[in-house]
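Chemist: Just the structure for this:
(2 chains, ligands or ions: 2)
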Amino acid sequence: MEAYQSWGRYTRASHEVVRPFWRPRSLDLSGLPATALPYGAGRSYGDVCLNHGGGLIDCRGLDRFLGFDRHQGVLACEAGATLAEILGLAVPGGWFLPVTPGTSLITLGGAIANDVHGKNHHRAGAFGRHVRRLELLRSDGARLICSPSRNPELFAATVGGMGLTGLITWAEIQLKPLSSPELTVETIKFHGLEEFEELSRQSDQHWEYTVAWLDALSRQNPRRGLFMRAKHMPGPSERPQADARPRALLSAPFDWPGWALNAWTLRAFNLLYYHRQRPRLKKTVQPFAGFLYPLDAIDQWSRIYGRKGMMQFQCVVPFGQSEALRAMLDLIARSGTGSFLAVIKAFGDTPSPGLISFPRPGITFALDFAFKGPKTLALFKELIAVTRAAEGALYPAKDACMGADDFQAFYPNWPELAKHVDPRFSSSFWRRVTQGQREFLP
Amino acid sequence: MNKVLVIGASSAQAQATARLFAAEGSRLFLAGRDQQKLDDVAADLKARGAAQVESLTLDLNDFSRHQELIAAADAALEGLEGALIAHGSLGDQAAGQADYAVAQGELTTNLLSPISLLTILANLLEPRGGGCLAVISSVAGDRGRQSNYIYGTAKGGLSVFLSGLRNRLHRAGVRVVTIKPGFVDSPMTAHFKKGLLWAKPEAVAKKIHCAMLKGKDVVYAPAFWRLIMFIIKALPEPIFKRLNL
Ligand SMILES: Cc1cc2nc3c(=O)[nH]c(=O)nc-3n(C[C@H](O)[C@H](O)[C@H](O)COP(=O)(O)OP(=O)(O)OC[C@H]3O[C@@H](n4cnc5c(N)ncnc54)[C@H](O)[C@@H]3O)c2cc1C
Ligand SMILES: NC(=O)c1ccc[n+]([C@@H]2O[C@H](COP(=O)([O-])OP(=O)(O)OC[C@H]3O[C@@H](n4cnc5c(N)ncnc54)[C@H](OP(=O)(O)O)[C@@H]3O)[C@@H](O)[C@H]2O)c1
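Modeler: Ligands and ions are numbered 1, 2, ... in the order given. I've put the predicted structure just below:
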């Protein structure tokens, strides 16, 4: 039993692990316990990538490219390749990921299985929209090509299918043309959610990427924030960037003591970010990695939360429900358990081909918490209740504690996914949200 | 160097090295015993920018085909400039101790097969007066230890052969590079528990690639193994024989 954890590091799960180095042509689970689950880079925060007491298929050994059409920007590659590795190939060729989350250190398989979104959701939708086809291995020996037109139901179930429909061995994605690896970035101070929504509305048409940071600690209303919008510089740049990942400037190779992140250091951190900018609007030019992947420069950063680990809360609430957001922010401020990063963004209305896909029109916000046991769990329960009342949803990739009834309310077509789940596949998350079985947290 | 023959091309370390050559637009010729693996590697290297990738499938312990392999590579690449020999097997020390036939198999794969290939390659490049022959040996060849001295014997013998060959080919301008990796996280060592001393194939590949371009003589990868092996080699035999290594 090897120790494979998720990004939040709040659990000690144990698994039997197989690590294929070559793309299997059919699925052989004979070395594994009753159930199996693919594992990518373990960048999910909760338990979607864990299968406590069962088997894991570690996919990082599957990192080969199958083909790259440099004229059309079509890339086929094995599911264990990371987005950073894909960028290393695409960027010098003048192409870019159509959608990327806030870290480049996830795998292609993980990007599809959680149907990840990025700062350009308002224009590009989620990752699944850009998947042309994929190969899926099932435990009955089937080896299937799935696309919006071939095996469309299985394709829809696999996009956002959280690894449960079988093993994705490779996928073909459509990249987007890149004018420059550098971004024009505008950073604008704002006060309150109304100003945020107004800025989003104004920016979404002309800016490829939008996102905002909100001071979630202060109880001051309206809350202060920084709105960031960016687009690629026009014209070919003289300095193509081969390496997507900023060199690890800092690293957290061991668990930091818990007191390193108490309310005071957090408040100071938020203030620092806010006050480093004096004028209301600031324009800069940044390499894409600095803007899109600010935390990738700090290797294993979740370790600064100490041995007990951390949790993230990420929800989306429909537009017009900013009261719910305010209520959640008040709950968080009052709890004083604080948040390192309060990220907020308006999603667009482009639908995903995925059956279970988190992004939907509305405002999403994400906050990190040091895990403090029952106190944190109690707060999360309250936040989940507010989300439910507002008819929003939680993001499975980040979640560690929603109940089965919550999940089933957020994702009413989950029984459709259940029909396509491979009988030999399961996860700690899936057992929690379908059978109410809690393997890590009460 | 942009015409490179990679022998044992399905090896994790060889693949990672070939990727660095591919990114430079090199022309590559791959040899290995598993056609499907070679096809997967070839597709990957082409996508990464290799100008040409061809391959030949053969068991590298089939000495009768070594001449054919090198002739095919030399023809396809229109004059090969470099070769990396990477195939090897870690073997089962206990089985080799119990049965000489097993030990002989290990010596064949890890020592005799590379020597046969190097003999042909050396005689091809020497009259041309240039080129580079890089071979993956191992720190295990620096001193015999009870846990893997059969493998160690093969790698130690290989290192000695390479030092002699380097001496011979120096005048002709053909460079011979001995690579001595420490512990590398690859399929060969999949069943070992990994600790701090373990390196990724990509890290070793950077050293191999750089050593081939610069024509270094003996490279430890990662570099700290030079110090570790210096100490291990310095221990007097009366003490060394008592250790549990
Ligand atoms: C710093 C940081 C920032 C982030 N920002 C964002 C963001 O902006 N937007 C966003 O959407 N997410 C974000 N995430 C979450 C992350 O993108 C997702 O959790 C992603 O799915 C992780 O991918 P992974 O490769 O690490 O896969 P894992 O976390 O290991 O696995 C995720 C899921 O994919 C499945 N899976 C993995 N490989 C395969 C395969 N080959 N076949 C089938 N299923 C497979 C697993 O079973 C599991 O269900 C962020 C995470 C971090 C740490
Ligand atoms: N891993 C380590 O810790 C370590 C340390 C020091 C030195 N080394 C040496 O580094 C080299 C590369 O090993 P690696 O770490 O990259 O492991 P690897 O991925 O397991 O590579 C070993 C390769 O040798 C090939 N091979 C073995 N016998 C063969 C034969 N008879 N014919 C054709 N191919 C044969 C295998 O082919 P198949 O894929 O077809 O099986 C495989 O590609 C080896 O020489 C090894 O001894 C390794």
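Chemist: buried sites along stretch A:172-184?
Modeler: Neighbour counts using 16 or more other C-beta atoms under 10 Å in any protein chain shown place A:172-173, A:175-176, A:178, A:180-184 of stretch A:172-184 among the buried residues. The way it works is simple: take the backbone N, C-alpha and C, and place the C-beta from them, glycine included.
Chemist: what's the closest of those to residue A:230?
Modeler: Distance to residue A:230, by C-beta to C-beta, is smallest for residue A:183 among the buried residues of stretch A:172-184, at 4.3 Å.
Chemist: So in that sheet, which strands flank the helix or strand containing the closest one, and in what orientation?
Modeler: Residue A:183 belongs to strand A:182-191 when elements are defined using DSSP states H and E. With DSSP bridges as the test, strand A:182-191 is paired with strand A:224-232 (antiparallel), strand A:281-287 (antiparallel).
Chemist: check contacts around residue B:135.
Modeler: B:84-85, B:114, B:118, B:158, B:162, B:176-179 (C-beta atoms under 8 Å, 6 or more residues apart in numbering or on different chains).
Chemist: Which parts of the chain are helices?
Modeler: Answering for chain A, as no chain was given. Here chain A has its helices, by DSSP state H, at A:83-90, A:108-113, A:121-124, A:152-158, A:192-203, A:263-275, A:288-292, A:322-335, A:374-389, A:404-410, A:414-420, A:428-435.
Chemist: sorry, should have said chain B
Modeler: Using DSSP H, helices in chain B cover B:12-23, B:35-47, B:66-76, B:93-98, B:100-107, B:113-125, B:149-169, B:201-214, B:224-234, B:237-240.
Chemist: Figure out how far the second one is from the centre of its chain.
Modeler: This means helix B:35-47. 19 Å (C-alpha atoms, centre = their mean, to the nearest Å).
Chemist: Keeping just the C-alphas, turn it into CSV.
Modeler: These are the backbone C-alpha positions of helix B:35-47, laid out as CSV (Å, rounded to 0.1, in the frame of the first residue of the first chain):
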residue,chain,number,x,y,z
GLN,B,35,8.0,-3.2,-32.2
GLN,B,36,5.0,-1.6,-30.5
LYS,B,37,7.1,0.3,-28.0
LEU,B,38,9.4,1.5,-30.8
ASP,B,39,6.4,2.7,-32.7
ASP,B,40,5.1,4.6,-29.6
VAL,B,41,8.5,6.2,-29.0
ALA,B,42,8.9,7.1,-32.7
ALA,B,43,5.6,8.9,-32.9
ASP,B,44,6.5,10.8,-29.7
LEU,B,45,9.9,11.9,-31.1
LYS,B,46,8.3,13.0,-34.4
ALA,B,47,5.7,15.1,-32.6
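Chemist: Smallest distance to ligand 2 belongs to which residue of chain B?
Modeler: In chain B, the residue that lies nearest ligand 2 is residue B:88 (2.4 Å; C-beta to the nearest ligand atom).
Chemist: Please identify the buried residues of the strand holding residue A:183?
Modeler: For strand A:182-191, the buried set under the neighbour-count rule, 16+ other C-beta under 10 Å, comprises A:182-190.
Chemist: Then stretch A:360-367?
Modeler: Buried residues in stretch A:360-367 (16+ other C-beta under 10 Å): A:360, A:362-367.
Chemist: and which of the residues you listed is nearest ligand 1?
Modeler: The closest of these to ligand 1 turns out to be residue A:366 (C-beta to the nearest ligand atom; 7.8 Å).
Chemist: got a list of what the closest residue to the closest one other than its chain neighbours touches?
Modeler: Nearest non-adjacent residue to residue A:366, counting by C-beta to C-beta, 6 or more residues apart in numbering or on different chains: residue A:314, 3.9 Å away. Each residue near residue A:314 by C-beta under 8 Å, 6+ apart is listed here: A:364-367, A:394-395, A:398-399.
Chemist: Roughly how far does residue B:28 sit from residue A:303?
Modeler: Distance, residue B:28 to residue A:303, by C-beta to C-beta, to the nearest Å: 40 Å.
Chemist: who's more crowded, these two?
Modeler: residue B:28 (28 against 18; other C-beta atoms under 10 Å in any protein chain shown).
Chemist: close enough to count as contact, the more buried one and residue B:50?
Modeler: Yes. Assessed by C-beta atoms under 8 Å, residue B:28 is found in contact with residue B:50 at 5.3 Å.
Chemist: Now list whatever residues contact both of the two.
Modeler: B:18, B:21-22.
Chemist: of the residues you listed, closest to residue B:131?
Modeler: Nearest member of the shared contacts of residue B:28 and residue B:50 to residue B:131, counting by C-beta to C-beta, is residue B:21, at 14.5 Å.
Chemist: so what's the residue nearest to that closest one when sequence neighbours are not counted bridging to?
Modeler: Spatially, and ignoring its direct neighbours in sequence, residue B:21 is nearest to residue B:4 (5.4 Å; C-beta to C-beta, 6+ apart). Counting by DSSP bridges, residue B:4 is bridged to residue B:28, residue B:82.
Chemist: Let me know the pLDDT of residue B:4.
Modeler: Listed pLDDT for residue B:4 reads 98.
Chemist: Repeat that for residue A:280.
Modeler: Residue A:280 is assigned 81 on the pLDDT scale.
Chemist: The residue of chain B found nearest ligand 1 and chain A: what is the separation?
Modeler: Nearest residue of chain B to ligand 1: residue B:40, at 15.9 Å (C-beta to the nearest ligand atom). Distance, residue B:40 to chain A, by C-beta to the nearest C-beta, to the nearest Å: 6 Å.
Chemist: Determine the number of other residues adjacent to that residue.
Modeler: For residue B:40, using other C-beta under 10 Å, the count is 20.
Chemist: residues in chain B within reach of ligand 2, list them.
Modeler: By the rule C-beta under 6 Å from any ligand atom, the part of chain B lying against ligand 2 is B:8, B:10-13, B:32-34, B:37, B:59-61, B:86-89, B:109, B:136, B:138, B:181, B:183-184, B:186-189.
Chemist: Need the per-residue pLDDT for residue B:30.
Modeler: 98.
Chemist: I meant residue A:180, not that one.
Modeler: 95.
Chemist: again, but for residue A:253
Modeler: 48.
Chemist: cool, and residue A:342?
Modeler: Predicted confidence (pLDDT) for residue A:342: 81.
Chemist: do the same with the one 10 residues further on
Modeler: For residue A:352, the pLDDT comes out at 96.
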